[in-house]
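Trainee: Make a model of this:
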Amino acid sequence: MATDQKRRAINRLESRKQLRPMLDQLYDSGVEAAKEGKPVAWCMVNFWEGDPILKAMDVAAIFPENYGTVCAATGAAQEYLGRSESEGFPSHLCGYARNCFGYTQKMTELGEIPADAPMGGMAKPTFMLSSGAACDARYKWFQALRRYWDVPLWVLELPHPGVNEIAMEGALDYTIKYVVEELREFVNFLERLLGRKMDWDRLSEILDCQEKVFEVWGAANDLRTAKPCPMHSRDFWTMMVPAYYMADKKETIEAYQAVYDEVKARVDGGIGAVPNEKYRLAFAELPPWHSLDFFDSLADRGWNFVTESMGYHPPKLTDREHVSDPLERIARLIFKSLAGLLMGRKVAGERTIGGAQPYLDMVTKYQADGVLFHPLLSCRTATFYLTHAANVLLERVNVPSFFMQGDIVDLTVFDPTRALNEAEAFEETMEHYREVRKKEGLGW
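Mentor: Prediction:
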C-alpha cells in the first residue's frame, strides 16, 4: 500500500511511456551493430557536436555517461564502482567514469558483455569519441579506457570563451570558424577510418529533424510555467534521453509531440503534476539517479519541481539564418547551447554573474519558490558554481536555495532521511521569502 501511495504522489504523464522504451533501442542498436560487423562508437556527451556526424556516417553511437545513469537506477552501479576502485581509480573520480571503468573491466575479464548488464550492456567500441566540452574527466577518462580497448580515439574541441572575451570584436566569428574546422577534421578522420564518404544531404536531413525535436520538446517544457505546473522533473528526467541521443528520428518528434499535447491539455484543464502544488522548485544540477523515489516524498508535501538544470534542456534555435554548411549549423548550435550558457550575459552598468545567469533566468521564468541544489561528490564541474548561483538568486530575486549532498551514481553518499528532514525545515524559509518578494513587488 505504501508503494502505491508513493506512486500516486506525482501525477506522471502517460505520454512518457512512448519515450522510455527508446532508451532500450539505443543500447540494442549498439549490440546489433556489433553483431553485424558495423562500427560502434563510445561517445562522451558532446552536446550534438559529433553525434549528427556519426549518424550520417551510419555509426552506432552509445554513451557511457548515460549508461552510468542506467546502472545507478537499476542498482548495478555499486558492483562497477567497486571494480573501478580495485583497478586503482580513485573514489572521488566522476561517478559516470568509475561506472564505465568497472563495467569495462568486467566485460574484458569475461570476454563478452556481462549477462547481467542492464539494458543488454554496451557493445565493444570500434573507436571512441571524446569531447572538450565542460567536464573535468573528459580527456583522461577515454585515454584510460585504452587500457582495455586498443581502438582509435578522437577528441572534439569546443572553446569556452569568457564573458569579456566573447565580447571582443571578431571573437564569435573566429570561434565558429575554429569549431567548423575541428568538425571537418573529424569528418576526414571518419572517412579514412570507415572507408566511405560523408553523405552531406543525409547530415542536413538529420539536422532538420534534430531541430524539430528541439522545437517541440522545448515548447512542452515552456508550458511548465503554468500554475499548477503540469509536468514534474521526474518526467523530464525520464524523457530527456531521446532529445540528446535520438534526435535524428521522426519517431522522436512524434513522441515529443504527444508529450506536448498532453501537457497542453493539462494546462487547459488546470491539472498539476502534484495534486496540491504548494511549492514550486527548480532543480540543479544532476539528480541522484539511484534515489529518484525521494521526489515522491517531497511531492507528498506539495513540492512540485517545475524546471531543471541549465545544461539538459534543448537549445533555443538562433543565429542559423542563411547557413548552408551543415558543419557551421552544428557549430552555431552547440556554441550557443553550451558555451553561451556558461558565459552569462554582459549588461552595461551591471555586475556580470557568469554561470549563475541561467538560474536567475530560470527561477524568474518559472516563478520558483526555491531551488534544490544537488552538489555531487564526484563532479566538480556540476558543483563548483552552485554556491555562487544560490547567492545571486537570494540577492537579486529573494529566492532561497536548499543544498542536498549526494552523487549521481554512488548511493552510499546520499542520506534520504536527513535530506527529507532538512527539506521540511526549508519550507519555513520558502514561506518567509514569499512574503519578502511580495513586499518588493516581484510578482510571485
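Trainee: could I get stretch 171-178 in PDB with only the CA atoms?
Mentor: What follows is stretch 171-178, C-alpha atoms only, in PDB (Å, rounded to 0.1, in the frame of the first residue of the first chain):
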ATOM      1  CA  ALA A 171      35.700  36.600 -31.300                       C
ATOM      2  CA  LEU A 172      32.400  35.000 -32.100                       C
ATOM      3  CA  ASP A 173      33.200  34.500 -35.800                       C
ATOM      4  CA  TYR A 174      36.700  33.200 -35.000                       C
ATOM      5  CA  THR A 175      35.300  30.700 -32.500                       C
ATOM      6  CA  ILE A 176      32.600  29.400 -35.000                       C
ATOM      7  CA  LYS A 177      35.300  29.100 -37.700                       C
ATOM      8  CA  TYR A 178      37.500  27.100 -35.300                       C
END
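Trainee: so which helix or strand takes in the most centrally placed residue in the chain?
Mentor: The centre of the chain sits closest to residue 312, judged by CA atoms, centre = their mean, with a distance of 3.7 Å. According to DSSP states H and E, residue 312 maps onto no helix or strand at all.
Trainee: Please apply the same query to residue 90.
Mentor: Counting by DSSP H and E, residue 90 is part of no helix or strand.
Trainee: how many neighbours does it have?
Mentor: Applying other CB atoms under 10 Å, we find 9 residues neighbouring residue 90. (Each C-beta comes from the backbone N, C-alpha and C, glycine too.)
Trainee: residues contacting it?
Mentor: For residue 90, no contacting residues are found, by CB atoms under 8 Å, 6 or more residues apart in numbering.
Trainee: from here on, count from 16
Mentor: Let's use 16 as the start, then, which means that last one is residue 105.
Trainee: Tell me where the stretch 316-459 of the chain is predicted with low confidence.
Mentor: Applying pLDDT under 70 to the stretch 316-459 of the chain picks out residues 333-336, 353-367, 369.
Trainee: quick one, strands of it?
Mentor: Listed in chain order, the strands of the stretch 316-459 of the chain (DSSP state E, counting those that start in this stretch) span 318-322, 385-388, 416-418.
Trainee: Residue 147 is nearest to which of those?
Mentor: Between residue 147 and the strands of the stretch 316-459 of the chain, the tightest spacing by CB to CB is seen for strand 385-388, at 25.8 Å.
Trainee: Tell me the buried residues in the closest one?
Mentor: For strand 385-388, the neighbour count (16 or more other CB atoms under 10 Å) marks 385, 386, 387, 388 as buried.
Trainee: Can you redo those residues as a markdown table, where the extra columns are distance to residue 193?
Mentor: A markdown table is the format used below for those (distance: CB to CB, whole Å):
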| residue | distance to residue 193 |
| --- | --- |
| 385 | 40 |
| 386 | 34 |
| 387 | 37 |
| 388 | 33 |
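Trainee: who's in contact with the closest residue to residue 240 other than its chain neighbours?
Mentor: Distance criterion CB to CB, 6 or more residues apart in numbering; nearest residue to residue 240, sequence neighbours excluded, is residue 381 at 5.5 Å. By CB under 8 Å, 6+ apart, residue 381 lies in contact with 239, 240, 244, 295, 297, 321, 322.
Trainee: Next one: the last one from residue 185, what distance?
Mentor: Computed with CB to CB, to the nearest Å, the distance linking residue 322 and residue 185 is 35 Å.
Trainee: Give me the more crowded residue out of these two.
Mentor: Neighbour count, other CB under 10 Å: between residue 322 and residue 185, residue 322 has more, with 26 against 8.
Trainee: my read: the more buried one touches residue 386, true?
Mentor: No: Residue 322 is beyond contact range of residue 386, at 9.7 Å (criterion: CB atoms under 8 Å).
Trainee: Which neighbours do the two have in common?
Mentor: By CB under 8 Å, 6+ apart, the residues touching both residue 322 and residue 386 are 297, 298.
Trainee: Could you say which helix or strand holds residue 76?
Mentor: Assigned by DSSP H and E, residue 76 falls in strand 75-77.
Trainee: which helices and strands sit right next to that strand?
Mentor: helix 31-50, strand 55-58, helix 66-71 (3 or more CB pairs under 8 Å, 6 or more residues apart in numbering; DSSP states H and E).
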